Each structure stands twice: as structure tokens, then as C-alpha cells.
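Novice: Okay, sequence plus prediction incoming.
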Amino acid sequence: MLVKRPPTDRPVFGQTTGGEHINPSLQPDRAVSRILRKKDMDAFLESVKAFGSLYGPRQVGPNQYQLMPVGDVAPVSAECRRTILPPKKFLIPARDDLCHFSADTGYRAAEVYTGERVILFGLHACDIHALVTLDLVFNGKYPDPRYLARRQALAVIGFSGTAPDGNCFCHAMGTSHADRGFDLFLTDIGDEYLVRIGSSLGDDMMRARVDLFGQVEREHIDAYKERSDRRQTQFDDTVVEDLPQILELEHDSPIWRELSERCFGCGACAAVCPTCYCYDVVDLVGTDGITGRRVRQWDCCLFQNFAEMSGGFNPRPNRTDRIKHRYYHKQVHFVERFGRPSCVGCGRCVEACPAEISLKDVIAAIRGRSG
Amino acid sequence: MLAEKDIIYRADPHRPSPARLVGVQPLAPEHALFQFRFEDPKENERWTHRPGQFVMVSVVGTGEAPISICSSPSRRGVIELCVRNTGRVTSALHRLKEGAIVGLRGPYGNGYPVEKMKGQDILIVAGGLGMAPLRSLVWYVLDNRSDFGHVSLLYGTRTPEDVLFKGEIAGLVGRGDLETHLTVDKLVEDGQPWPHDVGVVTGLFKYVKDRVDPTRAYAAVTGPPIMYRFVLRELLALGFGKDRILMSLERRMKCGIGKCSHCAVGYKYTCIHGPIFTYWDAMNLPEMI
Amino acid sequence: MAKPRVGIFGLTSCAGDQLVVVNLEDELLDIVGAIDLRSFIMAASHPVEDEFDVALVEGSVVTGEDEERVKDIRAKSKLLGAIGTCAVWGGIPGALNHVGRNTLYQAVYGTEEDLFKAREARPLRDVVKVDFSLSGCPVEKHQLVQALLSLLHGDLPSFPTVPVCQDCRFKENVCLLKTKGQLCLGPVTAGGCLARCPSHNIGCEGCHGPLDEVNFAAEAALLEEKGLPRERIARVVRNFAHQADLARIM
């Protein structure tokens, strides 16, 4: 007897979704990819607004973009390589109430996000990988419901249509392409976008304006492959394959001290990092002196007292220790804990650093022979 | 869109449960024993921990701090914390009166590997406040005494006044099933009654070294950083394997659940991979001691 | 429980921090109701000065009277808090400390006779023990309220020691230093202001004073690379915190 079940909500490109066990009549219109003409983009985005609050990159300065609500004017900025803040601002706000407290009854958890769906348009593959990386941290043995509520309300429309710049090193980090973590993913293949459908919701979004979408023809497949081949050559690749091992060997390299002489310790790199999640927690008493809020706010391991204990002992008292800790945490320790680095090569830290420190240069230096 | 579909919503692990301070006993200058019970009886029933684990304790409106549990899971009823008045939260704790409501969550951390320690000799070495997490282990071992081989406790403090749990420790001295030796760095005044050793804690090793078989023993060591250096050397000289020396580590913590990253040492988070680390772990982690 | 006895005092300063207290419209009544405000000349006559649980002191120590005054307040107070950048760092009165008081005197009054017994401006902690500090020129209203509420709760005020950049990044401001090459002391200055000036396209002048451990040398070198003269950088740095690591800048 055939097992009757609805079609899986996440077909995977190039694979069947369950083979012969699924009644073929239940997937009459299997959707993996579609074609959207560039001129139809604005109309499509307009229809997406029916699914939630739509955000997209908007230019706020020369080469500076923010993920902002999409108003009547489509903000879609094909030139946007990276937004100032990454999508994490939607998941772990810079300041967020964890609990409310009262002297008589103790703490109760603050409400989790119950607002409408937030649709992020224009995320590049690196940022999608970053979301999947944050999921690793905020799930685990102690899932964080505040994060997860916001995460569940997040829809992702990925976008690839920008050539990498000198600060991009996603290719080296293995994050230049995303196969999961999105509802829709648009790839610029010339006059059209190849739209990959990654979820049930993405499929609904496509079907809401099914008239705008065409079938994938041979020419589109060839155009995609041609683009893919071209893209391989656009990255000047930093080699990171065995970076954890090299970093372990260069733990005492003078490079770390030299770096600390240039670094201001301002924490801009961590604030803009799509996977930096360190946080501080403080209790703020209200004017009644009895009730108040417990607030979680972004913190940064480069700040001097980040690890300082109440007795005054600081395991990382100087900047050299802290810079090293930050690099090792992302490139070595995260690999040991989760099997991959937490860096996704988005280049934001390079772009944000007022001291002009580039992670790419640091990696190149650490791989160099002078050490 | 979530990468992992089957996420189970649970209560926010950041939310402390209301608990009441049911007893405070001064132990030594700036040190006191705090006894807590959850407001919800069901939570008291459910509560279980391993020796060496810690809780996050909140003084309402002041903030939260990690404190190791010093009561044994084999003695149920109240959760006991021995706290030194050293920072913002701990000094607020010391100001609390019996009956006050606090927040508690946990237990967190790995605790001592008591299953692996079964059938083995146990050498417990405590310095100063290091007695707090080890007290939990001492009573756990004594309450399950037949599970273990030879058990000894070496405890050093600065002066006789600084001995924590004085009455209890006095009761342990002379017990047939536990070999207890005490020492102080110095006596406060000459002629002070102190029928024990004077000198560093490593001076006590001479009493037990012939009774412990290091190849089938675990050493649990907790104390100030300076103590580790000498105790570790002594233990290695006795023939203890590096993975048979268990240390309890303290770090700044904000979440206790492996996220906020304040307690990260190397690739380990003190809160979830610790606070009990073997010397082998410690050797390979930067900034460990 | 008896209300905590509080005194608010000013040494050499513009009284701007005391003014912030008076201007706490929304919270003032709650706070004043919860404390026993014994001495606050700016707001009430007839101060009672015997003992204080908490003294908040504004201003830097410039004259002999300042020094005597703050020592006297210290002796009468259980806790003493430095409020405002003058009290915490020496502030603007110390901006020209490196020139020397005699020279300044001569330039301003045309005489070397020391009419005011003024010396180099010093922060409170150079003279008395300070239990907590709240910098800012003037102090931030929200931080002052939080500090007072912490004290009422029985805790010492405590604020994250993070640079101005942190809030600038939260707000997704375009970085003035990096993108526009403007003189901005954000990376080396204690935050708390919610990046007020950079959010209005004005480079941070460091009014909260430096963080405990800052890399002035690197920022000065960078600004010089961007074409800003060292003397100008040093002048801006000295404006609020004359003890900043000038030796390494100049």
C-alpha cells in the first residue's frame, strides 16, 4: 500500500524527494527552480510583502548599506556586497530583555517574539551560512527560545548577483554558495534570475505570482553553469584548509603582538560579525526600586574586562591575549566544537576595522614563513 | 526559515526559578553558607545534581553569578552554597536576610565523573574556598562509601580561622573510613590550639602516599592557582596520570549554558565542558591556570 | 529602613553634572523621595553636613580649597562617587596641565601672583579614595539614574566599559574615522553616550574620557596617516583627559 503523505516541504536540488514511495499524483508540480525575469523583480517583491515585513539592503552612504524595511520604492541594491550590520540584528538584538523581575517573586521570562514574519531579501550565501552557524550555538543542550522565536519568524530570500570585492573571502571559508538555509535563492544569470525554491514558504511565495515565473530551460542551466565557472575565478583565495593546525603551531608567533599594537580594541569587528554572539547580562532596577529588567546586550571578547572575574583575576589581561582569543575562537575552537569555523568570510570585519586590520592579511602573515 | 525543523521549545534556560534563602551560617571571615529551597515544591523534588556542578544564583536586581554547589546530592532537602564576599553579586548575597527570594538555575557543568571514580582510591586536596565544591564530593563519597577504595582528604587554609565547615571537618578527623589531614599556613598567634600541621598542603602528602595506589586512584584538587602548581607536581611525582587529576575551574560567566562565551578557555567552555577539567585538559588549554 | 543620606557637591567645574540631577524630570521625584538629600547647594539652601551614606562629587581638584573640601567630604561619607569627566579624569580644567599653571596665569592675568592658589587640575582619585565613577561631560542622564537606582538597591554602580564604537555599530552609523577620515576618538573613548556625536556626523571628542586600556598610539598614528596634524590630535585628546598616554602620541 502506498503511504500517503504530503510532499516534503523542502525538495533538494538534483534529488527526488522520496522516490517511488510517494504517490506521484501528490507532486504534480514539483518545484525546485524557476526563472524570474529581472524586470519582474519589483512586482515579485511587492507580492512578497503579503507574507510579512520585507527588509532589503538600502544604500546609506558610499558603499554602505543597511537591511531596512522595503517601502514603496524597491531598495534592491544589486551592488550591495555586505550590509553594515548582518542579519543577526534580527535574531539577537543589540539590547534585549531576557527577564522581568520583582523582589517578591523573582524572575519571569520576558515575552518571546510573536510579531509577524520578517522576510530578509538579498542575503548572500555567506550570511545564510552565518544564520545556520548561529543556529548551532543557540540550539544545543539549552535551546534559547528568544532566539528561536525570532528565527522561526524569519524568512530568507537569498541573492547572488554581485562580484566579490577584495574583502570577500567566502570562497576560502566554503560559504560562497548556499544549499540550505533559505526559502528562495535568486541567482543572476543574465537577463533573468534563477530562483531556487528552498521551502514550502518559498514555494508559496513563488506561487503567489506564478505568472511571473517561467520554467527552467536548457539555456538557463547553461547560463547558470557558465556563471558558476566564471565565479570560481573571481576570488583571490586565502588558503584556510588547515588553518586550525597552523594557528595551533603559531600560538606564540610575534604576529599577535604586532597585531595588538595596531588594534584599538574597539570591538567594531565583533559587532558587525554575522556570527559573533557573545553577550553580557545586566539587571536594571526600575525607579520603584523593586522591579526591573534583566537585559542581554552584545559584548565583545576584545574588551578588557570581558573575562575578568569579581576578585579581579583576568585570564586575558592584555590585548594580545584577547586578539588571539578572538581569532582562535572563530578559526580553531569553533571547529573543534562544531566541526566548522564560525567565520563565513563576509569581509565585514575588514571593512569595519578603523585600524585597517584585514583578516586576510593576518591569515596570510600567519601562513608566511617568517613567523 | 529554521535550519533544524524539530526544535523543541522549552522554558527559557536564562530564567532563574524563585528560591528562598532558608538559612545563613557564617563559616569564616567573609565566607558564609547559604541554604536555598525552591518556592515550587515540585522543583525541589526534581532537583538533582552531581558533585562539582554549579548553579547560577541571582540576587534580584543586582545580577547573577556562578557558585559551585557545596551540598551533596546524597543529602537532599536544601541546596547549599558556600560564598565568599568578593564582588557585586556575592556581597549582595551576604546582605540578604533569611526568607529573601533569590533566583536559582542549574545545575550546570559536568561535575565530577563519579561513575568512573567508582572502585578507585580517592585523594581530595582542598585549599581555601576550594573546599566548597569538594565538600559535595566528600559527602557523596562517604554516603556511597562501599563504592570507593581508600579515601583521603587533605585540606589547607591560611589560618585556623579560615577553615570552612569547622564543626563538620572536626567530625571527619578520626573517622575510620576517611583519612583527613589539615594544615594551615600560619597560626594567628603562638600557642593557639591547633592539633594539626602547619605548612603548605603538599606537606600532608607524606601521610597518604603509601596508602593510595595512583594507578587506580583519582585526585580531586581545588584551590587557589598558586596551590595547583605545587600540588600537581606532587601528584605527578606520586605517579598519578594526568587524566586522573581533576581540577575545578572558576571563570566569569553570564549564561552558564554555553552561549555568552565569557568563560571560554581555548575551545572549552567552563560552564558546559567544565568546571571539572583533568590536568591533561588544562595542560592543553591556554590561560587555564 | 532609613533613607540613605546623600550629598551632592561641586569642586572646580561648570556645575553641569549637578544640573543633570536637577534636570531628571521624570525620575527626580521618585529618587528624591527615596533618599534623604542633605546637601545639594544648587537645589536647596541650608545643607546639613554631618554624615553621608553617599556623596556625589563633581569637578576636578584645582585649588587648595578643592583639596580640603573633597577630603572633608570623603571623611564624612561611606561611599564617594566621582560624577562627570572633571571628577573622573580632570576634564577641561586639566586640558592645559602640560603648559603649567604659572605660564597660564601670566597669560591670563598678566601676573605671576597666584590669586586663586590654582594648581594643575587633578581627578578626585588622585586625592581621595573613589568608590565609583561616572564620567561624561556632562554625565549621561540615563546612567546617572541607573547609578542612583543601583545605590538605592544597595549595589555599587557598574557600567560596561565599552568604547563609543559599540553603540555606533549598533546604530549602523557610517564610520566617520574609517569612511570619512574624520578625527573621531570613538575607539578609545568610554561609551555610554549612545554614540551621540557620531550619530550626528560629528567625530567623538572623547568627553567620557578614555577606557582603561586604550591604544592611543595606534589611533594617533592612523589619524596622522590620514593627514591630521599630531598637535591637533593631542589637543583634542587632552581636552577631557590630560593624563591620556600623551607621551606616546607626541
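Specialist: Noted; the coordinates are in hand.
Novice: how about low-confidence regions in the chain?
Specialist: No chain in the question, so chain A it is. When residues are selected by pLDDT under 70, those of chain A lie in A:1-31, A:72-76, A:370-371.
Novice: that's the other chain; I wanted chain C
Specialist: Scanning chain C for pLDDT under 70 picks out the ranges C:1, C:244-250.
Novice: next one: chain B
Specialist: B:1-10, B:287-289.
Novice: Measure how buried residue 42 is and give me the count.
Specialist: Using chain A here. Neighbours of residue A:42 under the rule other CB atoms under 10 Å in any protein chain shown: 12. Placement of C-beta: from N, CA and C, glycine included.
Novice: think we crossed wires, I meant chain C
Specialist: A count of nearby residues for residue C:42, using other CB under 10 Å, gives 13.
Novice: Residue C:241 now?
Specialist: 29.
Novice: is it true that it touches residue C:206?
Specialist: Yes: the pair residue C:241 / residue C:206 is scored as a contact, 6.5 Å apart, by CB atoms under 8 Å.
Novice: and residue C:104, what does it touch?
Specialist: residue C:96 (CB atoms under 8 Å, 6 or more residues apart in numbering or on different chains).
Novice: show me where the chain has helices.
Specialist: Since no chain was named, I'll use chain A. Along chain A, counting by DSSP state H, helices occupy A:41-48, A:125-138, A:145-152, A:170-173, A:200-208, A:218-232, A:243-249, A:255-262, A:268-272, A:319-328, A:334-338, A:348-352, A:359-367.
Novice: The chain in question should be chain B.
Specialist: B:41-46, B:88-95, B:114-117, B:131-143, B:166-172, B:205-208, B:225-238, B:279-284.
Novice: for chain C, same thing?
Specialist: For chain C, applying DSSP H gives helices covering C:16-22, C:25-34, C:64-76, C:85-89, C:101-109, C:141-153, C:164-170, C:176-180, C:216-225, C:230-240, C:246-249.
Novice: and these, which is most packed in?
Specialist: helix C:85-89 (a mean of 31; mean count of other CB atoms under 10 Å in any protein chain shown).
Novice: just checking, what packs against that helix?
Specialist: Contact here means 3 or more CB pairs under 8 Å, 6 or more residues apart in numbering or on different chains; DSSP states H and E; on that basis helix C:85-89 packs against strand C:52-58, strand C:132-134.
Novice: how many neighbours does residue B:109 have?
Specialist: The burial count assigned to residue B:109 is 28, neighbours taken as other CB under 10 Å.
Novice: list the contacts for it?
Specialist: B:52, B:53, B:54, B:256, B:270, B:271, B:272, B:274, B:275, B:276.
Novice: State the distance from the second one to residue A:42.
Specialist: For residue B:53, the distance to residue A:42 (CB to CB, to the nearest Å) stands at 57 Å.
Novice: What residues does residue C:153 make contact with?
Specialist: A:285, A:289, B:61, B:62.
Novice: Next, format the residues you listed as JSON lines and append distance to chain C and neighbour count.
Specialist: Compiled in JSON lines, the contacts of residue C:153 are given as follows (distance: CB to the nearest CB, whole Å; neighbours: other CB atoms under 10 Å in any protein chain shown):
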{"residue": "A:285", "distance to chain C": "5", "neighbour count": "23"}
{"residue": "A:289", "distance to chain C": "5", "neighbour count": "16"}
{"residue": "B:61", "distance to chain C": "5", "neighbour count": "25"}
{"residue": "B:62", "distance to chain C": "5", "neighbour count": "25"}
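Novice: Which residues of chain B lie near chain C?
Specialist: Proximity of chain B to chain C, by CB under 8 Å from any CB of the partner chain, involves residues B:61, B:62, B:88, B:92, B:95.
Novice: Try it again at 6 Å.
Specialist: Counting by CB under 6 Å from any CB of the partner chain, the residues of chain B close to chain C are B:61, B:62, B:88.
Novice: Next, format those residues as a markdown table and append distance to chain A.
Specialist: Shown next, in a markdown table, are the residues of chain B next to chain C (distance: CB to the nearest CB, whole Å):
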| residue | distance to chain A |
| --- | --- |
| B:61 | 4 |
| B:62 | 6 |
| B:88 | 7 |
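Novice: What is the nearest of these to residue C:189?
Specialist: Of all those, residue B:88 has the smallest distance to residue C:189: 24.4 Å, by CB to CB.
Novice: Phi, psi for the nearest residue to residue C:213 once chain neighbours are set aside please.
Specialist: Distances taken as CB to CB, 6 or more residues apart in numbering or on different chains place residue A:304 nearest to residue C:213, at 4.7 Å, with adjacent residues excluded. Here is the backbone geometry of residue A:304 (degrees, to the nearest 10): phi -60, psi -40.
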